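**Student:** Provided below for reference: sequence and predicted model.
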Amino acid sequence: MPNRFIVGNWKMHNTISQAETLIRDILALYRANPSVELTVAPPYVALQAVARLLATTPIKLSAQNVCAKDEGAFTGEVSPPMLKELGCQYVIIGHSERRHLFGESDQAINEKIHAALRHDLRPIFCIGERLEEREAGQTHSVIQHQLHTGLAGLGSKALGNITIAYEPVWAIGTGRAATVEQATEVHAAIRSFLTTHWELNAEQIRILYGGSVTADNAQALFQSPHINGALIGKACLNSESFVKIAEIAALD
Ligand code: PGA
């Protein structure tokens, strides 16, 4: 069983000074456990300040997005080498807010995944269905399409460096998390899709659940052997609840 992976997606919260305060609070509370890999994803502008405070700690750094190009006339974008130099090891790609609020296509997401991997940044690749798609019985076809297009052109070695985050759109920021049964069913389908299409062992694939994870529902979610960790939004903005979820994730 791979280590549990807990990622805090700060989204567009915290200025540089607020980010420093939050990370100091997290560090004051957190007792590292070797079975848990803890990562934070602050906004771009706070990455450097947070990286400095994390330098001698086991907590890792992720960006929330990346440009698929290495450099050039792309106003407002941030490239993989820029993130790498800042100390990022991970980058979230294809978050539902990027897809639905900023119109990111499956193809753009695929290009970003390739670009990140070329620069040794490990993608946290987000997928998930909307409520109307679930209600129409399309969850599995939507997920398969997102996996198929997002991961196009990647070999099994590359797949080993990718974390999948299943985040049903209807569960993000709504306080309505998927049930353990709902999440487990989709995680199992993702695992079987990836083992069928790429030569991977099922255990090599790390699949996080995201969508209204809290310190109250984390215990139940982590009971599922298919759930290898969590991508956390709201609950990661509070140092106590974020550290609590990391503690709950620790394997005995
Ligand atoms: P949430 O966000 O925990 O606030 O639902 C999760 C996410 O968007 O990654």
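**Tutor:** Looks like it came in fine. Residues are numbered from 1 along each chain as shown.
**Student:** for P123, phi and psi?
**Tutor:** Reported as degrees, to the nearest 10, the phi and psi values for P123 are phi -70, psi 140.
**Student:** how near is N3 to E133?
**Tutor:** Per CB to CB, to the nearest Å, N3 is found 32 Å from E133. All C-beta atoms are positioned from the backbone trio N, CA, C, and that covers glycine.
**Student:** ok, now Y44?
**Tutor:** 31 Å.
**Student:** how about the secondary structure of L147?
**Tutor:** Assigned by DSSP: H, G, I helix; E, B strand; the rest coil, the conformation of L147 is helix.
**Student:** same question, the one 10 residues further on
**Tutor:** Of the three states, K157 takes helix under three-state DSSP.
**Student:** excluding chain neighbours, what is closest to the residue of the stretch 101-250 of the chain found nearest the ligand?
**Tutor:** Minimum separation of the stretch 101-250 of the chain from the ligand (CB to the nearest ligand atom) falls at G233, amounting to 2.2 Å. Excluding its sequence neighbours, the residue lying closest to G233 (CB to CB, 6 or more residues apart in numbering) is N9, at 5.3 Å.
**Student:** what's around T174, how many residues?
**Tutor:** 13 (other CB atoms under 10 Å).
**Student:** my read: it touches V213, true?
**Tutor:** No. In this structure T174 lies outside contact range of V213 using CB atoms under 8 Å: 11.9 Å.
**Student:** how much space between the residue of the chain most remote from its centre and C67?
**Tutor:** Distance from the C-alpha centroid of the chain, by CA atoms, centre = their mean, peaks at A73 (28.1 Å). With distances taken as CB to CB, A73 is found 12 Å from C67.
**Student:** ok, the closest residue to D25 other than its chain neighbours - contacts?
**Tutor:** Leaving aside its sequence neighbours, D25 sits nearest to S239 (CB to CB, 6+ apart; 3.7 Å). When contacts are counted by CB atoms under 8 Å, 6 or more residues apart in numbering, S239 touches L22, D25, I26, A28, L29.
**Student:** one more: L159?
**Tutor:** L151, L194, W198, L200, I205.
**Student:** try A250
**Tutor:** A250 neighbours (CB under 8 Å, 6+ apart): R4, N33, S35, V36.
**Student:** let's see 10 Å
**Tutor:** Shown in contact with A250 (CB atoms under 10 Å, 6 or more residues apart in numbering): N3, R4, I6, R31, A32, N33, P34, S35, V36, F222.
**Student:** how about the residue nearest to it when sequence neighbours are not counted, secondary structure?
**Tutor:** Spatial nearest neighbour of A250, excluding adjacent residues (CB to CB, 6+ apart): N33 at 4.1 Å. Reduced to three states with three-state DSSP, the structure at N33 is coil.
**Student:** just G72 next, same as before
**Tutor:** Assigned with three-state DSSP, G72 falls in the coil class.
**Student:** quick check: it vs Y44, distance?
**Tutor:** For G72, the distance to Y44 - CB to CB - is 18 Å.
**Student:** neighbour count winner among these two?
**Tutor:** More neighbours surround Y44 than the other of G72 and Y44, with 16 against 8 (other CB under 10 Å).
**Student:** model confidence score at the spatially closest residue to that one that is not a sequence neighbour, please.
**Tutor:** Leaving aside its sequence neighbours, Y44 sits nearest to V78 (CB to CB, 6+ apart; 5.6 Å). Looking at V78, its pLDDT reads 98.
**Student:** ok, V78 - how many residues close by?
**Tutor:** 17.
**Student:** surely it and D70 touch.
**Tutor:** No. Contact criterion CB atoms under 10 Å: V78 and D70 do not qualify, at 11.2 Å.
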